[in-house]
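*Asks:* Below are the sequence and a predicted model for it; my questions follow.
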Amino acid sequence: MEKKPIRIAVIGPESTGKSTLAKKLADHFGALYIPEFARTYLEENGATYELQDLDKIILGQEEAMKTTVESHIVFDTDLLSLYLWKKEKYALNDLSLLNHWSEMKIDVFLLCNTDVPWVFDPLRESEGKRNELFDAHMLYLNVFKKNFNLIEGTGEARTQNAIQFLREFIQ
């Protein structure tokens, strides 16, 4: 990746391999990896949370997404996922958060499909809603005319699909 640095967000519902994929892409392309703020926050503060905790998570992710460097950046999740989480968990349609997401500088989104099995994790809570949340991600990416690619496949094939797309995207 010798061209202009790009900002990549790996997004999608829970347990679709986002973190694994984001780390592998960062390693492969020598990019800066920005982990999901929510995971760090919940690991430090416990899996039980309130709306005020989610708002702190949103601010933390927002701050992380302001990162600017002279190299490529791979973000593990973004504000769209947090907007959908807030809407799902608390029935709050936070339009200011949605507008902020729509204005963020991300060059390409990699939307992870639900074609991989759910893996239990005490921090996950939406197993039965993965397809619905996937559809919501897809809807907002399309409505806001965001540049994205659907990432599918299992194991190493999933990673290779993303690498191939990014190689073509960068050229």
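*Replies:* Nice, thanks for sending it over.

*Asks:* Tell me who's in contact with residue 38.
*Replies:* By Cβ atoms under 8 Å, 6 or more residues apart in numbering, the residues touching residue 38 are 57, 60, 61, 77, 82, 85, 123. (Each C-beta comes from the backbone N, C-alpha and C, glycine too.)

*Asks:* what separates it from residue 29, distance-wise?
*Replies:* 24 Å (Cβ to Cβ, to the nearest Å).

*Asks:* where are the low-confidence patches of the protein?
*Replies:* Counting by pLDDT under 70, the chain has low-confidence residues at 1-3, 122.

*Asks:* Write a ChimeraX command that selects only the buried members of the contacts of residue 38.
*Replies:* Under the burial definition 16 or more other Cβ atoms under 10 Å, those of the contacts of residue 38 that qualify are selected in ChimeraX by:
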select :57,60,61,77,82,85
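
*Asks:* Make CSV from the contacts of residue 38 and add distance to residue 5 and secondary structure to it.
*Replies:* As requested, these are exported to CSV (distance: Cβ to Cβ, whole Å; DSSP: H, G, I helix; E, B strand; the rest coil):
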residue, distance to residue 5, secondary structure
57, 26, helix
60, 23, helix
61, 20, helix
77, 20, coil
82, 24, helix
85, 28, helix
123, 31, coil
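
*Asks:* now the contacts of residue 38 in a markdown table, with distance to residue 136?
*Replies:* Converted to a markdown table, the contacts of residue 38 look like this (distance: Cβ to Cβ, whole Å):
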| residue | distance to residue 136 |
| --- | --- |
| 57 | 18 |
| 60 | 22 |
| 61 | 18 |
| 77 | 14 |
| 82 | 12 |
| 85 | 10 |
| 123 | 20 |
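
*Asks:* Let me know the closest of the contacts of residue 38 to residue 141.
*Replies:* Closest approach to residue 141 among those (Cβ to Cβ): residue 77, at 13.9 Å.

*Asks:* In contact with that closest one, which residues?
*Replies:* By Cβ under 8 Å, 6+ apart, residue 77 lies in contact with 9, 10, 11, 18, 36, 37, 38, 61.

*Asks:* Does residue 137 lie in a helix or a strand, and which?
*Replies:* Taking DSSP states H and E as the criterion, residue 137 maps to helix 130-143.

*Asks:* residues of that helix that come out buried?
*Replies:* Within helix 130-143, the residues that count as buried by 16+ other Cβ under 10 Å are 130, 133, 134, 136, 137, 140, 141.

*Asks:* Kind regards, and thank you for your time.
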